[in-house]
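In: need a structure here:
(one chain, ligands or ions: 1)
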Amino acid sequence: MDEITGRLDVDASFKPRLSDIDHEFKIAPLAWHLGNLKAAAKRRLPRGIFDFIEGGSYDENTMRANVADLGALRLRQRVLVTTPNRNQHTRILGQRSSMPVAIAPIGLMGVIYPRGEIHAARAAQEIGVPFSLSTLSTCTIEEVSAAVREPFFFQLYMFKDRAVNAALLQRAEQARCSALIVTVDTAVHPRRNRDLDNGMTVPLKIRPRNVARILAKPRWLISWLRHRPTLANLTPFVPGGADLGTVSVWAERNYKGAVGIADLEWIRANWSRKLVVKGVLDPEDAKLAIKLGADAVVVSNHGGRQLDGANSTVKAFPAIRDVVGDSAELLIDSGVRSGLDVLKILGLGAKACLLGRPFVYGLAAHGQTGVMAALRLIAQDLDQGMALTGVDDVNSLPSGRVIDPARA
Ligand SMILES: Cc1cc2nc3c(=O)[nH]c(=O)nc-3n(C[C@H](O)[C@H](O)[C@H](O)COP(=O)(O)O)c2cc1C
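Out: Here you go, the predicted model:
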């Protein structure tokens, strides 16, 4: 949808014939594959914003390893087992889901697309997958709650002042959030070279080159000027201004940093619904999180945006799965780029995955319809992968049947 005219925004350079549209999945004529959405996102966004999404920390080794290690896993092709009634429906953290995928929390979606969180939450609801709202969102918890029927997950970044954390938890509870995702892999804000080059820092560094790049994307610029996104959940706590610059500086100064045992104990005592710890890469951390009351763990390296040199999530996962067993729900994110990746993740023994950048490309390119297109492509790939590996239900994968052990 075009945020200025309200019209469906079909990428001008990409016009598939109507007869080519996949009727089974009713994919909007926006994308044949995720690469189309990524290219459209790149065309719409100023370079600094696209790099903010696309980039990782330092040399981006872990970010690349996430994708490469998932790609290196081999699926076992099984074609003489027929699967006429393939089922992708499942539950993630108790919430019904049309496939084993949930939307990952992403900060500042409104900088990517105006009112981005509402577009993404509505897309998730239409497709029937859970949505996660970041603390650093540009639409408030209450606005998202009013925009969708389905409950969603709230992701908490902790602040030094417990009163701020308590207020956020209370708001999430009142907004019917069914799970709290506590992100624990952001003790520090590591160097992200692309952001530094682009002046995407707090405060922003305005340089002539960056201004020129912004002026080259007038559609994005007009919507930015109209909507003036800010970190809307935090503005009630910030004295002296509600604009993005002022609130970002406040957030950085007041951010707690490392989340430790006492913090998780406090959260558990103050949040009665599902509790998820996101950002675990080590079996010891997984055990500790569960001991402290986590119902689920997200094996994640933040999409390669935190500790560069850390293991990819698919390489880290088996050791965590072996110690956690059935004692908590295990989710993975970082590097999932297709439904075949989702199938591999299920094959490793995870319940589901969180999807980051792929849905953001759709959001950046076309708002709600773009996110829906990304999710439909994932569902379609997953279905085809299931057909060719002889899997008829995502809830009961035959043990050891999906990943080729010789190549795992
Ligand atoms: C632009 C961007 C913003 C993000 N913001 C948040 C955030 O606010 N909170 C959070 O817990 N994780 C955040 N993440 C991490 C994602 O939740 C998720 O872990 C990661 O994107 C998964 O990797 P993938 O993008 O390779 O799928 C962000 C990631 C990106 C790319």
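In: around the ligand, pick out the residues from the stretch 1-150 of the chain.
Out: Those residues of the stretch 1-150 of the chain that sit near the ligand, judged by Cβ under 6 Å from any ligand atom, are 52-53, 66, 104-107, 134, 136. (Each C-beta comes from the backbone N, C-alpha and C, glycine too.)
In: CSV for these, including neighbour count and secondary structure?
Out: Listed next are those as CSV, based on neighbours: other Cβ atoms under 10 Å; DSSP: H, G, I helix; E, B strand; the rest coil:
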residue, neighbour count, secondary structure
52, 20, helix
53, 22, helix
66, 29, helix
104, 28, coil
105, 26, coil
106, 25, coil
107, 19, coil
134, 21, strand
136, 19, coil
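In: of the residues you listed, closest to residue 213?
Out: residue 52 (12.5 Å; Cβ to Cβ).
In: wait, that closest one touches residue 194, no?
Out: Yes. Applying Cβ atoms under 8 Å, one finds residue 52 in contact with residue 194, separated by 7.4 Å.
In: for residue 393, give the beta-bridge partners.
Out: Beta-bridge partners for residue 393, by DSSP bridges, are residue 87.
In: who's in contact with the nearest residue to residue 159 once chain neighbours are set aside?
Out: Excluding the flanking residues, the one nearest residue 159 by Cβ to Cβ, 6 or more residues apart in numbering is residue 254, at 5.0 Å. By Cβ atoms under 8 Å, 6 or more residues apart in numbering, the residues touching residue 254 are 159-161, 164, 237.
In: try residue 177
Out: 133, 141, 145, 151-154, 273 are the contacts of residue 177 under Cβ under 8 Å, 6+ apart.
In: tell me the helices and strands packed up against the strand or helix carrying residue 211.
Out: Per DSSP states H and E: residue 211 is located in helix 208-215. Judged by 3 or more Cβ pairs under 8 Å, 6 or more residues apart in numbering; DSSP states H and E, the packing partners of helix 208-215 are helix 47-54, helix 218-227.
In: if we go to 7 Å?
Out: Counting contacts by 3 or more Cβ pairs under 7 Å, 6 or more residues apart in numbering; DSSP states H and E, helix 208-215 packs against helix 47-54.
In: now do the helices in the stretch 101-250 of the chain.
Out: 109-112, 116-127, 141-147, 162-174, 193-198, 208-215, 218-227, 244-254 (DSSP state H, counting those that start in this stretch).
In: report whether the longest one contacts the ligand.
Out: Okay, so that is helix 162-174. No. Against the ligand, helix 162-174 shows no contacts by Cβ under 6 Å from any ligand atom, the least distance being 13.1 Å.
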